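Participant: got a predicted structure plus its sequence, pasted below:
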Amino acid sequence: MDKKMTSGQIAKKAGVSQKAVRLYDEKGLLKPSDYSEGNYRLYDEASLKILEKIVALKQIGFSLEEIRDSLVTGKAENVKEALKIQLKQMEEKRYQIEKVILSINRTLERKNDELDWDDVADIVLNVSQDIKADERHFDALKHTGKEQDWYEKIFESLNICENEKVLDLGCGFAKLWRNNWEDIPKGTEVTGYDLHGSWADDFDDYIRENKDRLAGGVKIDLQFEDLEDEKTWKMINKDKDYSLIVAHYINYELKDPETFVKRACAVLSDDGMFSFNGAGLSSWHIFFKKAFDEMNIKADFIEDGLKEQERAQNECTSMLERHFKRVEKITLSNMWHYTDVCELIAKIKDIFKDQEKFICKYQDKIESFFLKKIEDEGEILIEIGSSFWHCYKR
């Protein structure tokens, strides 16, 4: 007969507190194998193995609920897959921690003794924006691997010629330039602007390390300034008449987009082009509206969202037309490939964050609909487009 252990004894053997043992009992992870005459919990060697397993899984980041539902109760169909998912989550957390550390260090180096609480707020904002941008980009890479690189498409749409004088406002990680590095035409001069503590710091390093691979006469310079600060535009005005100004994926970060556009127009040459992307109709909204219509699921919130997006798009167009004589909207698109229903459900939840109850209500029906599509067609193809405005003074 196995020797019984009290909660204190089993806790000591596993290196945890008695309080933890009681918590695991309450959560349904570790039940006593017996009770003493005084009704105290007793545990055997099998209980100790379960407790050690709980401790190990907690160490690698599993929540108590995950341990109970997927592992300790034996419901996990694939332990390897569970570990892979956990590894991905831990890598994401590590990435976020590293991004915060990098931003704090760079802010300390830049500001030294002049720090105030506004700098802390700026760090939080920049980290949050960069992480969200990265998540969107890596999601796109995962599902558009069979398609032409997105930033190659954007680069081609700009028709950059030799000896262009380019101003890139809010360049960030600068995939527009990195992904087309050796195709930048001869003599092109690019001046990029962004904030310290963003991914632009990494681009600054990239420029120094890869300048020898550029075509003859290509120059790329990076300035760390706030694009909504009047002092920054006084600097830009000293070297104006840019033949191409690029302001991509910055619109939603601007407090005053119209002043920004007005300033950009003032430093654009008479024959130049200002490329801007702002509000537009979401291809995801359009796709899911059509899918829900086919499922006979009424989703008024999608229609409302599209109406709001159309209003914002019209406002953006009108704003640009107040400063430029000719405004042309172009749409670039890529096909997204899905073969996993769970990833589509995750995308729905990400896009419609405030509709959790709605999605839960119809989740089984939505999953069945997309699963049949995948079974019938092999994959689900979704055309996702982004709108860019090419603006001219004449």
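Facilitator: Okay, I see it.

Participant: the helix or strand harbouring residue 203: how far from the chain's middle?
Facilitator: Under the criterion of DSSP states H and E, residue 203 resides in helix 200-210. Remark: helix 200-210 is offset 21 Å from the chain centroid, using C-alpha atoms, centre = their mean, to the nearest Å.

Participant: and that helix, what does it pack onto?
Facilitator: Applying 3 or more C-beta pairs under 8 Å, 6 or more residues apart in numbering; DSSP states H and E, we find helix 200-210 packed against helix 175-178, strand 189-194, strand 219-224. Yep, even glycine has a C-beta here, placed from its N, CA and C like the rest.

Participant: mind checking which helix or strand residue 336 is in?
Facilitator: According to DSSP H and E, residue 336 maps onto strand 326-338.

Participant: related to what we said a few turns ago, name the residues that touch the helix holding residue 203?
Facilitator: 102, 106, 171-174, 177-178, 181, 192, 194, 220, 222, 224 (C-beta atoms under 8 Å, 6 or more residues apart in numbering).

Participant: go again with 10 Å.
Facilitator: Helix 200-210 is touched from outside by 102-103, 106, 110, 126, 130, 168, 170-175, 177-178, 181-182, 190, 192-196, 214, 219-224, with contacts defined as C-beta atoms under 10 Å, 6 or more residues apart in numbering.

Participant: mean confidence for that helix?
Facilitator: In this model, helix 200-210 has a mean pLDDT of 87.

Participant: got the buried residues for it?
Facilitator: Of the residues in helix 200-210, those scored as buried under the neighbour-count criterion (16 or more other C-beta atoms under 10 Å) are 200, 201, 203, 204, 206, 207.

Participant: now residue 199: how far from residue 278?
Facilitator: Separation of residue 199 from residue 278 (C-beta to C-beta, to the nearest Å): 21 Å.

Participant: more neighbours: those two, which one.
Facilitator: With neighbours defined as other C-beta atoms under 10 Å, residue 199 and residue 278 compare such that residue 278 has more, 23 against 20.

Participant: tell me the domain ranges of the chain?
Facilitator: What automatic domain parsing lists as the domains of the chain is 5-72, 79-143, 148-276, 281-389.

Participant: next, the distance between the ends of the longest one.
Facilitator: Right, domain 148-276. For domain 148-276, the separation between the terminal residues is 21 Å (C-alpha to C-alpha, to the nearest Å).

Participant: run the chain-centre distance for that domain.
Facilitator: In terms of C-alpha atoms, centre = their mean, the gap separating the centre of domain 148-276 from the centre of its chain is 21 Å.

Participant: same thing with stretch 146-161?
Facilitator: Worked out by C-alpha atoms, centre = their mean, stretch 146-161 lies 21 Å from the chain centre.

Participant: list the buried residues of it.
Facilitator: Judged by neighbour count (16+ other C-beta under 10 Å), stretch 146-161 contains these buried residues: 150, 151, 154, 155, 158, 160.

Participant: repeat for stretch 33-50
Facilitator: Within stretch 33-50, the residues that qualify as buried are 41, 42, 43, 44, 47, 48, 50, counting by 16+ other C-beta under 10 Å.

Participant: likewise stretch 220-233?
Facilitator: In stretch 220-233, counting by 16+ other C-beta under 10 Å, buried: 220, 222, 224, 227, 232, 233.

Participant: and for stretch 285-295?
Facilitator: Counting neighbours by 16+ other C-beta under 10 Å, one finds that the buried residues in stretch 285-295 are 285, 286, 287, 288, 289, 291, 292.

Participant: ok, the nearest residue to residue 270 once chain neighbours are set aside - how many residues close by?
Facilitator: Counting by C-beta to C-beta, 6 or more residues apart in numbering, residue 393 is the residue found nearest to residue 270 once chain neighbours are left out, at 5.4 Å. A total of 15 residues lie near residue 393 under the criterion other C-beta under 10 Å.

Participant: how about the buried residues of stretch 220-233 in TSV, adding distance to residue 4 and pLDDT?
Facilitator: As requested, these are exported to TSV (distance: C-beta to C-beta, whole Å; pLDDT from 0 to 100):
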residue	distance to residue 4	pLDDT
220	72	96
222	69	93
224	66	90
227	70	91
232	73	94
233	77	95
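
Participant: redo the helices and strands packed on helix 200-210 as CSV? Include distance to residue 27.
Facilitator: Output for those, formatted as CSV (distance: least, C-beta to C-beta, whole Å):
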stretch, distance to residue 27
helix 175-178, 45
strand 189-194, 47
strand 219-224, 49
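
Participant: after the worst-scoring helix or strand of the chain on mean pLDDT, next one along is what?
Facilitator: Lowest mean confidence among the helices and strands of the chain (mean pLDDT, DSSP states H and E): helix 117-143, at a mean of 64. Proceeding C-terminally, helix 117-143 gives way to helix 150-158 as the next helix or strand, assigned by DSSP H and E.

Participant: could you give the angle of that next one to strand 326-338?
Facilitator: 160 degrees (axes from the mean of the first three to the mean of the last three C-alpha atoms, to 10 degrees).
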